[in-house]
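>>> Just a sequence and a predicted model for now, questions to come.
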Amino acid sequence: MTSHILILGGRGRIGTQVARDLLENSPNRVTVTGYQKTPSSNLIEPLTAHGANVLQLDLADREALTAAIAQADLVIHCAGPFLYRDGRVLQECIAQGVPYLDVSDSVEFTRTALAHHEAAQRAGVTAIINSGVFPGISNSMVRQCVEQFDQPEEIFLGYVVGGSGGAGVTVMRTTFLGLQRPFKAWIDGQWQEKLPYSDRQPVQFPSPFGQVGVYWYEVPETYTLVKSFPVKTVVTKFGSVPDFYNYLTWIVARWFPKFWLQRPQNIEFLAQVSHRMTRVSDRFSGIGIGIEVNVKGYHNGQLRHYGASLLHDDTAIAAGIGTGTLAQMMLDGTVHQPGVHPVEQILSTPLFEQAMASRNIHIQHGWRSP
């Protein structure tokens, strides 16, 4: 039997890649939604050619949202920026007993979603948040490394993205929203305040990226990995290529008044300008992603390092794979645990490795020198 998958925000860059992965790798029916009457044909036509249905839906229309969810066997929420989302989609899924999956990338939204854990448990609903590539695949890479230790101590996560990463303007909005205020990071067993885009650190990523400077940046992993694993420190840093984008972002984070950054129209201006710039630079930088994980801890009484590396030539496609593979496992019952969970808490390492192998994504991992 086929299942019906409803992808909210499925006409955007990330949503279409999630839909594409599911249409190419499963027999399920897929409906993608968006609030615009005339979606971009270059994104939608490949989906409709593979049998996807298209539905105009405004998430603010509670009646229409309720009706759409009632027809679904799984809801995948891809309608960001998630900083502006209030959890109503998750609540409606719990109320109707429909499994839920999202690509959320906001710590505030993550806290909101996790607050519904007990309600989802009582309803028997499995809900997974923070899927995609980062967060998502990156979280499972961390679990893969942490499990090598008797006592893990520190987690380092470094990300680099080429230009736009193949994503749309929504991701640009999210980037600048993350510069608005300091955030808390788990350092030496306590929460300490960090400035976004501070403390540049050189990290060696797989070729073709090579050495790239990365900066403190708050992502949901900053919060959830502390809850998932007994470690003293979690570091999450992000950078981009070409490198001048890092310096421009640093300038925005350091020099622009915070009150100016907190105005939606200004965030929109920065996002649109950046999107136009990356449309040009993407031709030279590519749109790939590199992830470097390094975990330090005790193994057989010795302090050691274990790491994992991932390289993919299209960030948006990798995000689609991270979410699409999880969706398939939820639908076939391989992943089923009522409650609200970040990826690293619900997806076992063997299942993760199986999912990546099914999409020809190779993750290099092993013991490393300090």
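Good, I have the coordinates.

>>> Low-confidence regions, this protein specifically.
Scanning the chain with the threshold set as pLDDT under 70 gives 36-43.

>>> longest helix anywhere in it?
For the chain, the helix with the greatest residue count under DSSP state H is helix 264-285.

>>> is it true that A308 touches C145?
Yes. A308 lies in contact with C145 (C-beta atoms under 8 Å); the separation is 5.5 Å. All C-beta atoms are positioned from the backbone trio N, CA, C, and that covers glycine.

>>> Who has more neighbours out of these two?
Shown here are A308 and C145; by other C-beta atoms under 10 Å, C145 has more neighbours (26 against 21).

>>> show me the contacts for the more buried one.
155, 293-295, 306-308, 365 (C-beta atoms under 8 Å, 6 or more residues apart in numbering).

>>> how about 6 Å then?
For C145, the contact set (C-beta atoms under 6 Å, 6 or more residues apart in numbering) comprises 293, 295, 306, 308.

>>> And for V125?
Neighbour list for V125: 94, 97, 338 [criterion: C-beta under 6 Å, 6+ apart].

>>> M277 versus that one, what's the distance?
42 Å (C-beta to C-beta, to the nearest Å).

>>> just checking, S274 touches T174?
No. S274 lies out of contact with T174 (C-beta atoms under 6 Å); the separation is 11.3 Å.

>>> Which of the two has more residues huddled nearby?
The neighbour count for S274 versus T174, taken as other C-beta under 10 Å, is higher for S274 (22 against 19).

>>> Could you check how far the more buried one is from V293?
Distance, S274 to V293, by C-beta to C-beta: 27 Å.

>>> Could you pull out the strands in the stretch 151-300 of the chain for me?
151-162, 183-187, 190-194, 201-204, 211-216, 233-241, 289-299 (DSSP state E, counting those that start in this stretch).

>>> Distance of A95 relative to S240?
Distance, A95 to S240, by C-beta to C-beta: 40 Å.

>>> Please disregard the earlier target; I meant Q204.
On the measure of C-beta to C-beta, Q204 and S240 end up 16 Å apart.

>>> Neighbour count for those two, which is higher?
Per other C-beta under 10 Å, whichever of Q204 and S240 has more neighbours is S240, with 25 against 13.

>>> about what we covered before: with distance to A318 added, can I get the strands of the stretch 151-300 of the chain in TSV?
Listed next are the strands of the stretch 151-300 of the chain as TSV, based on distance: least, C-beta to C-beta, whole Å:
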stretch	distance to A318
strand 151-162	10
strand 183-187	25
strand 190-194	26
strand 201-204	18
strand 211-216	17
strand 233-241	15
strand 289-299	6
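
>>> To A113, which of those strands lies closest?
Nearest of the strands of the stretch 151-300 of the chain to A113, taken as C-beta to C-beta: strand 183-187 at 17.8 Å.

>>> Paired strands for the closest one, with orientation please.
Using DSSP bridges, the strands paired with strand 183-187 are strand 190-194 (antiparallel).

>>> so how far is the partner strand from its chain's centroid?
Computed by C-alpha atoms, centre = their mean, to the nearest Å, the chain-centroid distance of strand 190-194 equals 22 Å.

>>> overlap in contacts of A308 and C145?
Joint contacts of A308 and C145 (C-beta under 6 Å, 6+ apart) are V293.

>>> What is the neighbour count of R368?
When neighbours are defined as other C-beta under 10 Å, R368 has 15 of them.

>>> wouldn't it be in contact with G307 here?
Yes. R368 is in contact with G307 according to C-beta under 6 Å; the separation is 4.6 Å.

>>> Surely T126 is in contact with P99?
Yes. Assessed by C-beta under 6 Å, T126 is found in contact with P99 at 5.0 Å.

>>> Which one (most neighbours) among the contacts of V125?
Most neighbours among the contacts of V125, by other C-beta under 10 Å: I94, with 23 neighbours.

>>> what residues are up against that residue?
119-120, 123, 125.

>>> In TSV: these, plus distance to D61 and secondary structure.
Formatted as TSV, the contacts of I94 follow (distance: C-beta to C-beta, whole Å; DSSP: H, G, I helix; E, B strand; the rest coil):
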residue	distance to D61	secondary structure
A119	23	helix
A120	24	helix
A123	23	helix
V125	22	coil
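
>>> neighbours around S358, how many?
13.

>>> Give the closest residue to it in space, chain neighbours not counted.
Among residues not flanking S358 along the chain, T325 sits closest, at 6.7 Å (C-beta to C-beta, 6 or more residues apart in numbering).

>>> got the contact list for the longest helix of the chain?
Residues from elsewhere that reach helix 264-285, judged by C-beta under 6 Å, 6+ apart: 162-164, 169, 172-173, 176, 241-242, 260.

>>> Could you write me a ChimeraX select line covering just the buried ones among these?
Of these, the buried ones go into a single ChimeraX selection, burial set by 16 or more other C-beta atoms under 10 Å:
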select :162,163,164,169,172,173,176,241
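
>>> Specify which member of the contacts of helix 264-285 is nearest to F352.
G162 (24.2 Å).

>>> Bridged to that closest one, which residues?
V241.

>>> what do you get for Y298?
Residues in beta-bridge contact with Y298 (DSSP bridges): Q151, L303.

>>> before we move on, what about I155?
Per DSSP bridges, the residues bridged to I155 are V234, V295.
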